[in-house]
Structures are given as C-alpha cells and as structure tokens.
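Undergrad: need a structure here:
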Amino acid sequence: MQAIVVRDEGVALETIDEAFLGDAPLTVDVAYSDMNYKDGLAVTGKPGVARAHPLVAGIDVVGRVRESADERWKPGDWLVLNGAGLSETKHGGFATTARVDGDLAVALPDELTPERAGALGTAGYTAALSVLRLVMEGATPDQGPVLVTGATGGVGSVATMLLDAAGFEITALTGRPDELGDYLRGLGADTIVARAELEGSGRPLQKATYAGVVDTVGGEILANAIARTMPGGFVTACGLAGSHDLPTTVMPFILRGVTLAGIDSVWASHEDRVDAWRMLARGVDVDLLDSMTTRIGLDGVIAAGEELLAGKRHGRTLVEIGA
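TA: So this is what the prediction gives:
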C-alpha cells in the first residue's frame, strides 16, 4: 500500500506493508481524502498535529469497508470519518488502506457521492457544526448579518453556502477581496469585507454590526469580530489559522451578552456528526461544490500542503486515492 508517512526525519510518500497500520476493528479501502489546514501543517513537517511518529497523515477518510470486527459495519459499507485522532495519534487517510475505529464514523449520506463527501471533508463538517450551533442557539435570518472570517478557506466557503441556503445575510471576510470577491458572491455572500478592516488592535466594544460570527482564524480578527457582535449575538470559533491568541476583554460578554462557543470537530459526538452530515447533504449546492474543488493524487499532497499554508489555495482540494 501507499501512504504519506510523517517521520522524525521528514514526510514522504512511501510504499509500506498493511501491518504498519496496526490493529483496529475496521479495514477500509480509502477512496478519497482532502486537504485541510491541519493536513497542510502535518505534511510539511510543522509541529503541533502529528504527535506520534511514524504516522500516516490525513485527518479524513472516505472509503468502503473491506473487513469488519464491528457489528455496526459490514463489508461493502461506505463510511466517512473526520478527525477522531486521525493524523494526530492514529494513522490517517492519506493512504490506500486505513484501519479505524467505527465509533465515530458516519454512514455516507445517500444524497452525497463519495467524491463530494471527500471534497467536503473536515472543513465542510466543521462548517456544518458551526452553523448548526448558531441555529441551535436561536440565530435567525431576521436578526441581522452573519460574519464569516477566512471565507475563502474550506470551512468559510462551506459555511457561506450553508448560511445562504438557510436564508441568512452573509458578510464574508477575505484578504483578497478584489481577486476572490466574485467567488464569494457565487457562494452566497452578500457583502465582502477586506481582512484589513478587522486586523490590528481594536476597542473592546465597537459598532454592533453582526448577529452572529463563524470564525476560522482566531487572533485579532476574532477579537474585533466579537467587539462588533450585536447584543445577545453568538460567535463560534473553530480555527486558528491566524493565531491561537484572543486579545479581548470581558466587556462584550457582560455588556452585550455575547456568547463565544468553541467548535470541536475532532471529538464531536456521533450524534453531532450525523446531524452535521445531514445538513451538508441537504444544504450544499453540489454544483457549487464541484466548481470550487480541485483534485490531486497522493503524489501531490505534500506540494498542495505547502501551497495551502502559503495562501495559494482556496475552496476545497480533493485527494483521489482509490477512486
């Protein structure tokens, strides 16, 4: 089998024996994976993702069960597994074969092809968790616009589509408004805002503009977004592509009643995963998804990771493995 393997001495596409994968209840023939920010870090050898070596990279698996010691799954079943320790402490999806635990795996929704589920991956699933949390907390389209930061990234792009499908007015934040404004409008964004407008140190309370926020970047961008959230508004945080810091004060929370909720896509419950994939199956415009998806093979993963971290990729990158 072939796999992208992270070792102490570097990362490479290798030919390895399946015994390398160890034991797990399910053996899966991997059809697709995808490229996320965490994947970019792992395959370029950056610290913080892969916490065991050697380790097969790839935080997503879309594939067909070949062998099962789990009565919930049988050979021939299609499954989707996102996060759950893959590429962190467990071998992941950048391989022709995966051995995984079935506890957090989700059956491929009937409305989605394996290819499209692979293109959505953790980014789409995280976007759905974020939008679901907003809706569960009572956010409605009539309350005002929702800000999506890092809107041209995987999470931001899918969140924009899902919010548009739910009828929300969307403000999309991007560092390349002139270059990618039309792309974001095509996904459903109503207003495009340059990232520079939310960069830098800002007042803890600013003009109340947004009823909700889906933040993917952290840092000063998140702090300024919180400062611009309306009274009673809700902010979800699911990424730290900009920074893991949060330079803010308690003022938005105690003077405006703003709520900040973290979105954990790695260890979300099976029930939340099923709900998220149900939302994706019903709320994603598959034609738009296809148009924002580029395709690579395992041999292109490392270069794609470098491009992603350099800000040279937007939308979704599908990794075709055993399709």
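Undergrad: can you give me the strands in the stretch 151-300 of the chain?
TA: Taking DSSP state E, counting those that start in this stretch as the test, the strands found in the stretch 151-300 of the chain are 170-174, 191-194, 210-215, 229-237, 259-262, 293-297.
Undergrad: out of the ones you listed, which is closest to Ser269?
TA: Nearest to Ser269 among the strands of the stretch 151-300 of the chain is strand 259-262 (14.5 Å), distances taken as C-beta to C-beta. All C-beta spots, glycine's among them, are computed from the backbone N, C-alpha and C.
Undergrad: please report how far Trp78 lies from Glu179.
TA: 37 Å (C-beta to C-beta, to the nearest Å).
Undergrad: of all the strands of the stretch 151-300 of the chain, which one is nearest Met161?
TA: strand 170-174 (9.5 Å).
Undergrad: what comes into contact with the closest one?
TA: 145-152, 156, 160, 163-164, 180-181, 184, 187-195, 197-198, 209-210, 221 (C-beta atoms under 8 Å, 6 or more residues apart in numbering).
Undergrad: give me the buried entries from those residues.
TA: With burial judged by 16 or more other C-beta atoms under 10 Å, the buried subset of those is 145-152, 156, 160, 163-164, 180-181, 184, 187-189, 192-193, 195, 198, 209-210, 221.
Undergrad: on that earlier part again, list the ones among the contacts of strand 170-174 that fall in helices.
TA: Under the assignment DSSP state H, those contribute Gly156, Thr160, Leu163, Asp164, Leu180, Gly181, Leu184, Leu187, Ile221 to helices.
Undergrad: contact partners for the last one?
TA: Which is Ile221. By C-beta under 8 Å, 6+ apart, the contact list for Ile221 reads Thr149, Leu173, Arg195, Leu198, Glu199, Asp215, Gly242.
Undergrad: ok, the closest residue to it other than its chain neighbours - contacts?
TA: In this structure, Ile221 finds its nearest non-sequential neighbour in Leu198, 4.9 Å apart by C-beta to C-beta, 6 or more residues apart in numbering. Neighbour list for Leu198: Thr149, Leu173, Glu220, Ile221, Asn224, Ala225, Arg228 [criterion: C-beta under 8 Å, 6+ apart].
Undergrad: now do stretch 257-268: distance from first to last residue.
TA: Counting by C-alpha to C-alpha, to the nearest Å, you get 26 Å between the two ends of stretch 257-268.
Undergrad: oops, could you answer that again for stretch 304-320 instead?
TA: End residues of stretch 304-320 are separated by 13 Å (C-alpha to C-alpha).
Undergrad: surely Phe234 touches Met136?
TA: No - Phe234 is beyond contact range of Met136, at 9.4 Å (criterion: C-beta atoms under 8 Å).
Undergrad: give me phi/psi at Thr27?
TA: Dihedral pair for Thr27: phi -110, psi 120, per degrees, to the nearest 10.
Undergrad: can you tell me the SS state at the residue lying closest to it once chain neighbours are set aside?
TA: Take Thr27 and drop its neighbours on the chain: the residue closest to it by C-beta to C-beta, 6+ apart is Glu67, 4.1 Å away. Classification of Glu67 using DSSP: H, G, I helix; E, B strand; the rest coil returns strand.
Undergrad: count the neighbours of Glu67 for me.
TA: 13 (other C-beta atoms under 10 Å).
Undergrad: ok, Val80 next?
TA: Neighbours around Val80, by other C-beta under 10 Å: 24.
Undergrad: is it fair to say it lies in a strand?
TA: Yes - per three-state DSSP, Val80 lies within a strand segment.
Undergrad: residues in contact with it?
TA: Asp60, Val61, Val62, Ala105, Val106, Ala107, Leu108, Ala117, Trp277.
Undergrad: nearest spatial neighbour of the residue sitting nearest the centre point of the chain, skipping sequence neighbours?
TA: Computing the C-alpha centroid of the chain and ranking residues by C-alpha atoms, centre = their mean puts Ala123 first, at 1.8 Å. Of all residues not flanking Ala123 in the chain, Gly154 sits nearest, at 2.9 Å (C-beta to C-beta, 6+ apart).
Undergrad: state the distance from the one you found to Leu187.
TA: Distance from Gly154 to Leu187, by C-beta to C-beta: 12 Å.
Undergrad: repeat that for His270.
TA: Taken as C-beta to C-beta, the span from His270 to Leu187 is 29 Å.
Undergrad: do the same with Asp245
TA: Counting by C-beta to C-beta - Asp245 and Leu187 are separated by 29 Å.
Undergrad: then Ala42?
TA: 27 Å.
Undergrad: same check on Ile254?
TA: 35 Å.
Undergrad: same check on Ala151?
TA: Ala151 is 8 Å from Leu187, by C-beta to C-beta.
Undergrad: can you list residues touching both of these two?
TA: Ser157, Thr160, Ala172.
Undergrad: how about these in JSON lines, adding pLDDT?
TA: Below are the shared contacts of Ala151 and Leu187 laid out as JSON lines (pLDDT from 0 to 100):
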{"residue": "Ser157", "pLDDT": "94"}
{"residue": "Thr160", "pLDDT": "97"}
{"residue": "Ala172", "pLDDT": "98"}
